[in-house]
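Undergrad: Need coordinates for the below:
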Amino acid sequence: MNVPSVPNQERWEHRLPARLRDLGRELVEPVCNWLEGDTPNGLPSLLRFVGREHRLV
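TA: Got it, this is the predicted structure:
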């Protein structure tokens, strides 16, 4: 059984959040682009979701 060394494990744990964030962006970006379509100016500038307001930038 191959057990990672402590420094390698710490390095992996340190890099994990950034890698997960990048993966999430790669997965969500095409969906957002598809939803936006060819008329981004036709979208509302303010969205309400679960009682909170979000401004599109």
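Undergrad: make it CA atoms for all contacts and neighbour counts henceforth
TA: Fine.
Undergrad: Can you tell me how far G37 is from E10?
TA: 42 Å (C-alpha to C-alpha, to the nearest Å).
Undergrad: and what of L27?
TA: 26 Å.
Undergrad: Let's see stretch 48-57 as PDB, backbone CA atoms only.
TA: Provided in PDB are the C-alpha atoms of stretch 48-57 (Å, rounded to 0.1, in the frame of the first residue of the first chain):
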ATOM      1  CA  ARG A  48     -33.900  37.500  -6.600                       C
ATOM      2  CA  PHE A  49     -33.300  34.000  -5.400                       C
ATOM      3  CA  VAL A  50     -34.300  32.500  -2.000                       C
ATOM      4  CA  GLY A  51     -35.100  35.900  -0.600                       C
ATOM      5  CA  ARG A  52     -31.700  37.400  -1.600                       C
ATOM      6  CA  GLU A  53     -30.900  39.800  -4.400                       C
ATOM      7  CA  HIS A  54     -28.000  39.300  -6.800                       C
ATOM      8  CA  ARG A  55     -26.800  41.900  -9.200                       C
ATOM      9  CA  LEU A  56     -25.400  40.700 -12.600                       C
ATOM     10  CA  VAL A  57     -22.100  42.300 -13.500                       C
END
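Undergrad: Quick check: mean pLDDT of it?
TA: On average, the pLDDT along stretch 48-57 is 83.
Undergrad: residues touching R55, list them.
TA: 45-47 (C-alpha atoms under 8 Å, 6 or more residues apart in numbering).
Undergrad: Grab the nearest non-local neighbour of E53.
TA: In space, and not counting its chain neighbours, E53 is closest to L47: 5.6 Å by C-alpha to C-alpha, 6 or more residues apart in numbering.
Undergrad: pretty sure the one you found belongs to a strand, no?
TA: Yes. Secondary structure of L47 (DSSP: H, G, I helix; E, B strand; the rest coil): part of a strand.
Undergrad: Contact partners for it?
TA: Neighbour list for L47: 53-56 [criterion: C-alpha under 8 Å, 6+ apart].
Undergrad: Identify the bridge partners of it.
TA: H54 (DSSP bridges).
Undergrad: follow-up on the earlier one: adding distance to V6, write the contacts of R55 out as JSON lines.
TA: JSON lines is the format used below for the contacts of R55 (distance: C-alpha to C-alpha, whole Å):
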{"residue": "S45", "distance to V6": "48"}
{"residue": "L46", "distance to V6": "47"}
{"residue": "L47", "distance to V6": "45"}
